[in-house]
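**Q** build me a model:
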Amino acid sequence: MYNAFPLAALALFVAAADLPSGTPEAAEGGAKSCQIWGQIAGAAGRVQEGLDIELTGSEKSANQRVRATANGNFELRAVPPGEYQFRIVDRSGKVLHQQTQWLGDKPESVLLLVPDRQAELAGKYAVSFAQLQRRTPARAWKAFREAHKAGAEGDLTRCIQRLEEALSIDPDFAEAHSDLAAILARVNRTEEALGHAQTAFRLNPRLPEAGANFALLLASLKKYPEAEITARQLLNGSYYAPELRGVLAISLIGQKRNLGEALKDLDQSAVEIPFVRLLAARALVENGETRLGLDQVSAYLRSAANDCEKAELQAWVNSVQSQLGVE
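**A** Numbers count the residues shown, from 1 in each chain. Presented below is the predicted three-dimensional model:
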């Protein structure tokens, strides 16, 4: 049974966004010293108070568990460089989401995206008419399941190898293409990821994560016209709407058109994925809309910013306000 990987392309999209160019360093003494911090975002019905973040790695001394704040923010103590697994655990002990991420020796920001339950189920059971007419060989499914096991254990190299093995057996294995796209995005092999996401979407347009990853990767590579077309097509469905509205907003901003529509989509996306406001701020500033970019960073500061990033964000806001002559 197919069990989709998380939307790793979103993490790539976010990682590529930093603050708008010209961001000053936070004022000395004003910044909180943090090593690992982040935010839970995603399905509104599943992001709730009382969620814990678990971090596990090869060294037991690095393992830790913390309670996220009401708006989904969390902070963890420093750990040795290596690959770690993050888990979001609710009050009943159920794991809502898990993902593997490399943590280095510099401060790290982590986005944990809780998928919509309907989208998860649709990913498991999406079978197109074309798929009913063909049969994926058992050897390909075996390699696919081994890839998932490797991914759950944090071994992304073995995960990629097994997915590639599955595709060597069955080149039209849509689920393997989709998962390989997500994993390649996580290791910054972005162009390769885009190719696999596009193939997965072509082979099975009803596979929700395939289309969402394709749209997100297009936007992350600034292929804005194609990202817009794909996002609009997918928004006719009922899955990953916040992510897709974020893609649509960024794509319109990047093309310098339909700004009113872009801001409306942005507001809807930010309800579940607040960080999208920083993505929009960068795009707006790059396109000469500095005042609107300032509005987005200010809104993020008021509603969702982690204490670990507030000083740097506020320093940027103060600098831009001074340049624009506003308060």
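
**Q** output the below-cut-off pLDDT ranges for the stretch 151-300 of the chain.
**A** Regions of the stretch 151-300 of the chain meeting the criterion pLDDT under 70 cover residues 237-238.

**Q** so where do the helices sit in it?
**A** Along the stretch 151-300 of the chain, the stretches classed as helices by DSSP state H, counting those that start in this stretch are 156-169, 174-186, 190-203, 208-220, 224-234, 241-254, 259-270, 276-286, 290-303.

**Q** ranking those by burial, who's on top?
**A** Across the helices of the stretch 151-300 of the chain, averaging neighbours per residue (mean count of other C-beta atoms under 10 Å) puts helix 208-220 on top, at a mean of 29. Backbone N, C-alpha and C define where each C-beta goes, glycine included.

**Q** picking up where we left off before, nearest to Q101, of the helices of the stretch 151-300 of the chain?
**A** Using C-beta to C-beta as the measure, helix 174-186 is the one of the helices of the stretch 151-300 of the chain that comes nearest Q101, at 7.7 Å.

**Q** quick revisit: any chance of the helices of the stretch 151-300 of the chain in JSON lines, with distance to R65 too?
**A** Supplementary listing: the helices of the stretch 151-300 of the chain in JSON lines, determined by distance: least, C-beta to C-beta, whole Å:
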{"stretch": "helix 156-169", "distance to R65": "23"}
{"stretch": "helix 174-186", "distance to R65": "23"}
{"stretch": "helix 190-203", "distance to R65": "31"}
{"stretch": "helix 208-220", "distance to R65": "28"}
{"stretch": "helix 224-234", "distance to R65": "36"}
{"stretch": "helix 241-254", "distance to R65": "27"}
{"stretch": "helix 259-270", "distance to R65": "28"}
{"stretch": "helix 276-286", "distance to R65": "27"}
{"stretch": "helix 290-303", "distance to R65": "26"}
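
**Q** can you tell me which of those helices comes nearest to A143?
**A** helix 156-169 (4.0 Å).

**Q** now do the contacts for W102.
**A** Residues near W102 by C-beta atoms under 8 Å, 6 or more residues apart in numbering: P81, G82, E83, Y84.

**Q** just the buried residues from those, in ChimeraX please.
**A** Buried residues within the contacts of W102, as defined by 16 or more other C-beta atoms under 10 Å, are selected in ChimeraX through the command that follows:
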select :84
